[in-house]
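here is my input, please return the structure:
(chains A and B)
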Amino acid sequence: MKAKKRLHLGLTYILLIVLSVIWLFPVVWIVLTSLRGEGTAYVSYIMPKGYTLDNYIKLFTSSNFPFGKWFLNTLWVASASCILSTFITVAMAYSLSRLKFKFRNHFLKLALVLNMFPGFMSMISVYYILKALNLTQTHTALILLYASGAALNFYIAKGFFDTIPFSLDESAMIDGASKKDIFFKITLPLSKPIIVYTALLAFMGPWVDFIFAQVILGDAVDKYTVAIGLFSMLHRDVINDWFLSFAAGSVLIAVPITLLFIFMQKYYVEGITGGSVK
Amino acid sequence: MGTPLSTSSKTVLNSLKAGGLDIKLSTLIMGFANFANKQWIKGCLFLSSQILFLIAFFNQIIPSLIGLITLGTKTQGVETQEIDGIKIQVSVEGDNSMLMLIGGLAAVIFCLVFAYIYWCNLKSASTIHQYKTKGQALPSFREDLKSLSNGRFHMTLMTIPLIGLLLFSILPLVYMISLAFTNFDHNHLAPKSLFDWVGIVNFGNVLSGRMAATFFPVLSWTLIWAVFATVTNFFFGIVLALIINTKGLKFKKLWRTVFVITIAVPLFISLLIMRNLLNDAGPLNALLMNWGWINQPIPFLSDPNWAKFTIIMVNMWVGIPYTMLLATGIIMNIPSEQVEAAEIDGANKFQIFRSITFPQILTIMTPSLIQQFIGNINNFNVIYLLTGGGPANSNFYQAGSTDLLVTWLYKLTVAAADYNIASVIGILIFALSATFSLLAYTRSSSYKEGVAK
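Down below sits the predicted model:
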């Protein structure tokens, strides 16, 4: 019996090692590629023959693909939309979770319906509305767009607010606190985890979105965010020159986001299961 | 609309009937009741909004609404004009149907907003009437403002988000939905030519006309993809979570982190990596050929059937860790007595999985499973970044072999400029998602509580 169990455990280890190799292979490959010193986009081997940091240096010295500029653009868009989105998401989630008002249930249903339309179905008309406001090819447009999208992203935060006991609000109300006081002095201090989660998620959005950014920024290469910038490096005409630097850029973007994600993993799981487990 | 609205509208009607001249006149002149009762600031706000609306109504709104109906009458072109007795060709600017449609819809929304302000005015008059009949003092403007931080705190919080929502979600969406009923395609591009309302012709076109030969194959692949993508991720994710949770296994946290790393890499990066890894000339093919396992590169992404298979496989690579992460939390909460009791009764691992673990995970995860299914119907990124919908299929209109409805929609708007067809597809996707969502929400108790509370 014990031998059988040990055999079983051994097989499990082997299986897990094989799976880990499959899962980590692409990640390792892109890191190796970013350090590869020779060749064009595709080579017929995995381990590079020579290692170099040139691909990283090239990212910050080229004027056709100004990665450093893109990085700063994205940082600015991400920071601004992070602040706005967090405010909007928390405000919506709090109102819909804790405050009682007449159209609340109607609004919840409306939000459900709105969420069911494919997001970029309205992309073209958003583009013309922004054009009418004279905002196309600007970062303001991107920030406004990401922030207004946050108005429908309240489910996870709402789930969190739902779990804070109402008795806290009630006792504060008996002591004469207004709803504003309750929001700022009682609920917000209790909600740090969800605020951190919302803010991080909003901050990460602009780094990985390329559909809306592409439509709004068009051919203004100077204003690109890293996602469209990296994507443009894979165009058929330039892929042979730029694939190695694409790999380098991907590594540079993926490392901080990976760290952020591992940091907020706990909130992520709670957010998703919190809504459904109850 | 339910009872709260009808009761409040009844009170307003009653006050209007019973109230004095000041109350009745505020149906014509907004804010009249407020002025008559010395609520100067409120009265001014109501009156000025009415004046603004009336000016806008004659200058902007009426032309916009007419434009919404006609969608333009003058085509852009060249016209012969006589200037100072000389006949010359002058190019004239035509109507831009697209801007007229947006403008018209904006006018409708503006009217609705005004209607709401008008309703607030009536309610305010009715409140004044009630206070007066009860003989109470009217609340001052400052007190009204104060209620924004207490009784009406939701208004303070939600106004800005709602303006954003109206401008960047609802207006564009209504606009796109209306396009489904026009002939705005590559033959009727604004501002060069006009487009017009055509009724439900486009729906007929997609469901049984010349688009049907593309629509139904794409729809069926969308559904096949959504089912496979959801089921494989769900099932294998749970299996992986169970494997990692095997009793006596060491380094559990390490194994989990290995898989979490792949979630954390931004999706567009990992998918672009996969696309290059699986390219005909890519490293995976090179590796297999070096080992002598194959003679020719496997067309992972360039053969229709291979591509479909590869997409589902890559999606497993992307999605299994997510399910694993969620399922781990659930598995840890399953009471161990049940499993131990079953073991004592002689059940083997598979039986325990089938009758104890799996059903429990399934009940908890059903809502998120249906959400994932809907998400997969709309899974733009995986398809667009891996194959771009390709390989090309000459039987389809503007779609490749692996295009989902969403990616087809994207191509129809961005590449083909067939906005009307794209919009019909969008509405049909909505119908599809709505059906499955309805299933999800009627089945999940937490959403019922959330809405009913």
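
please give me every residue in contact with B:G43.
Residues near B:G43 by C-beta atoms under 8 Å, 6 or more residues apart in numbering or on different chains: B:31-32, B:34-35. All C-beta atoms are positioned from the backbone trio N, CA, C, and that covers glycine.

which parts of the stretch 301-450 of chain B sit against chain A?
Residues of the stretch 301-450 of chain B lying close to chain A (C-beta under 8 Å from any C-beta of the partner chain) are B:317, B:321, B:325-326, B:329-330, B:364-365, B:367-368, B:374, B:378, B:380, B:406, B:409-410, B:413-414, B:419, B:422-423, B:426, B:429-430, B:433-434, B:437, B:441, B:444-446, B:449-450.

drop anything exposed from the residues you listed.
B:317, B:321, B:325-326, B:330, B:364-365, B:367-368, B:374, B:378, B:380, B:406, B:409-410, B:413, B:419, B:422-423, B:426, B:429-430, B:433, B:437, B:441, B:444, B:446, B:450 (16 or more other C-beta atoms under 10 Å in any protein chain shown).

those residues in strands, which ones?
Among these, none falls in strands (DSSP state E).

for A:S85, see how far away the closest residue to A:L188 other than its chain neighbours is.
Excluding the flanking residues, the one nearest A:L188 by C-beta to C-beta, 6 or more residues apart in numbering or on different chains is A:I195, at 7.3 Å. As judged by C-beta to C-beta, to the nearest Å, A:I195 and A:S85 stand 11 Å apart.

and those two? which has more neighbours close in?
A:S85 (27 against 17; other C-beta atoms under 10 Å in any protein chain shown).

which residues touch that one?
Applying C-beta under 8 Å, 6+ apart, the residues near A:S85 are A:146-147, A:149-150, A:153, A:198-199, A:202, A:205.

quick check: which element contains it?
Assigned by DSSP states H and E, A:S85 falls within helix A:67-98.

quick check: buried residues in the helix or strand just after that helix?
Next along the chain after helix A:67-98, taking DSSP H and E as the criterion, comes helix A:104-116. Across helix A:104-116, burial judged by 16+ other C-beta under 10 Å covers A:104-105, A:107-108, A:111-112, A:114, A:116.

hang on, the earlier thing: surely the residue nearest to A:L188 is within a strand?
No. With DSSP: H, G, I helix; E, B strand; the rest coil as the criterion, A:I195 is helix rather than part of a strand.

so where's the stretch 301-450 of chain B uncertain?
Along the stretch 301-450 of chain B, the model assigns pLDDT under 70 to residues B:440-450.

ok and the residue in it nearest chain A?
Residue nearest to chain A within the stretch 301-450 of chain B (C-beta to the nearest C-beta): B:G426, separated by 3.9 Å.

next up, the contacts around that residue.
A:117-118, A:121, B:176-177, B:180, B:409.

mind checking which of the residues you listed are in helices?
Using DSSP state H, B:176-177, B:409 are the members of the contacts of B:G426 that sit in helices.

who's in contact with the closest residue in space to B:D303 that isn't next to it in sequence?
Spatial nearest neighbour of B:D303, excluding adjacent residues (C-beta to C-beta, 6+ apart): B:P391 at 6.8 Å. Residues in contact with B:P391 (C-beta under 8 Å, 6+ apart) are B:301-304, B:307, B:400-402.

would you turn those residues into TSV with neighbour count and distance to A:D222?
As requested, these are exported to TSV (neighbours: other C-beta atoms under 10 Å in any protein chain shown; distance: C-beta to C-beta, whole Å):
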residue	neighbour count	distance to A:D222
B:L301	22	33
B:S302	16	35
B:D303	15	40
B:P304	17	40
B:A307	23	36
B:G400	20	33
B:S401	20	37
B:T402	25	34
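
turn those into TSV, columns for secondary structure.
Listed next are the contacts of B:P391 as TSV, based on three-state DSSP:
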residue	secondary structure
B:L301	coil
B:S302	coil
B:D303	coil
B:P304	helix
B:A307	helix
B:G400	strand
B:S401	coil
B:T402	coil
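
can you pick out the most distant pair from the residues you listed?
B:D303 and B:G400 (12.1 Å; C-beta to C-beta).

next one, pLDDT for B:W221 please.
The score at B:W221 is 93. That number is its pLDDT.

where's it relative to chain A, distance?
Noted for B:W221: a distance of 16 Å to chain A, by C-beta to the nearest C-beta, to the nearest Å.

now B:K253
Note on B:K253: its distance to chain A, by C-beta to the nearest C-beta, is 11 Å.

so which bits of the helix or strand hosting that residue are buried?
Following DSSP H and E, one finds B:K253 within helix B:252-264. Using 16+ other C-beta under 10 Å as the test for burial, helix B:252-264 gives B:255-256, B:258-264.

try stretch B:154-165
Neighbour counts using 16+ other C-beta under 10 Å place B:154, B:156-158, B:160-162, B:164-165 of stretch B:154-165 among the buried residues.

got it, and stretch B:345-363?
B:347, B:352-353, B:356-357, B:360-361.

okay, and which of those residues map to helices?
B:352, B:360-361.

show me which of those residues is closest to B:M313.
The closest of those, once distances to B:M313 are taken by C-beta to C-beta, is B:I361, at 23.3 Å.

any idea how far the residue nearest to B:D303 lies from A:L108?
With distances taken as C-beta to C-beta, B:P391 is found 43 Å from A:L108.

okay, now A:L19: neighbour count?
Residues within reach of A:L19, counting by other C-beta under 10 Å, total 18.

now do the phi/psi pair for B:W225.
B:W225 has phi and psi values of phi -60, psi -50 when expressed as degrees, to the nearest 10.

contacts only, for it.
By C-beta under 8 Å, 6+ apart, the contact set of B:W225 is B:308, B:311-312, B:376, B:379, B:404.

so what secondary structure elements neighbour the helix or strand harbouring B:K10?
Assigned by DSSP H and E, B:K10 belongs to helix B:2-18. Helix B:2-18 is packed against helix B:21-25, helix B:97-134, with contacts defined by 3 or more C-beta pairs under 8 Å, 6 or more residues apart in numbering or on different chains; DSSP states H and E.

deepest-packed of those helices, please.
Across these, the average number of neighbours (mean count of other C-beta atoms under 10 Å in any protein chain shown) peaks for helix B:97-134, which reaches a mean of 18.

can I get the contacts of B:G426 in a markdown table including distance to A:K2?
Formatted as a markdown table, the contacts of B:G426 follow (distance: C-beta to C-beta, whole Å):
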| residue | distance to A:K2 |
| --- | --- |
| A:F117 | 59 |
| A:P118 | 56 |
| A:M121 | 61 |
| B:M176 | 66 |
| B:I177 | 67 |
| B:A180 | 68 |
| B:L409 | 59 |
